[in-house]
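*Asks:* Here's a sequence, model it:
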Amino acid sequence: MEIYREYMNGDRKATVTRIQRSWDRRFDVYEVAMYVNGKPIQRATLSDEPQADNLAEDFINGSNSGPTLLNEHLSNG
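*Replies:* Have a look, this model is predicted:
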């Protein structure tokens, strides 16, 4: 297991880790760990490197529909 890429923007951070599952790289997977204020909030495992990078970038830019902390959600109610 090795950290493949790391993305940061403000209080958000995402790391992409490549996990080797066998001697054949076709079976490797990429784990995206997402953090807010240094606290892990979600992990996702993907089999495709570009998808993992896109998920990490979307998360740090706030443009994905992933989980948010309760204090990040404002309502008009």
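
*Asks:* Every contact and neighbour count from this point should use C-alpha atoms.
*Replies:* Fine.

*Asks:* can you give me the helices for the chain?
*Replies:* With helices called from DSSP state H, the chain shows them at 49-60.

*Asks:* Can you pull the poorly scored residue ranges out of it?
*Replies:* 1, 64-77 (pLDDT under 70).

*Asks:* Tell me which residue is most central in it.
*Replies:* Val32 (3.5 Å; CA atoms, centre = their mean).

*Asks:* Surely that one is in contact with Ala52?
*Replies:* Yes - if you go by CA atoms under 8 Å, Val32 and Ala52 touch, sitting 6.3 Å apart.

*Asks:* which residues does the residue nearest to Ala14 when sequence neighbours are not counted bridge with?
*Replies:* Ranked by CA to CA, 6 or more residues apart in numbering and with sequence neighbours excluded, the top spatial neighbour of Ala14 is Met34, at 4.5 Å. Applying DSSP bridges to Met34 gives these bridge partners: Ala14, Gln42.

*Asks:* Verify the stated contact: Met34 with Lys13.
*Replies:* Yes - under the criterion of CA under 8 Å, Met34 makes contact with Lys13 at 6.0 Å.

*Asks:* More neighbours: the two, which one.
*Replies:* Met34 (25 against 22; other CA atoms under 10 Å).

*Asks:* what about the more buried one, distance to Gln51?
*Replies:* 14 Å (CA to CA, to the nearest Å).

*Asks:* before we move on, what about Trp23?
*Replies:* With CA to CA as the criterion, Trp23 and Gln51 are 22 Å apart.

*Asks:* out of these two, which sits in the busier spot?
*Replies:* Higher neighbour count among Trp23 and Gln51: Gln51, with 14 against 8, using other CA under 10 Å.

*Asks:* And the more buried one, how far from Arg5?
*Replies:* Distance from Gln51 to Arg5, by CA to CA: 13 Å.

*Asks:* cool, and Arg12?
*Replies:* For Arg12, the distance to Arg5 - CA to CA - is 14 Å.

*Asks:* And these two? Which one has more around it.
*Replies:* Taking other CA under 10 Å, Arg12 and Arg5 do not tie; Arg12 has more neighbours (19 against 14).
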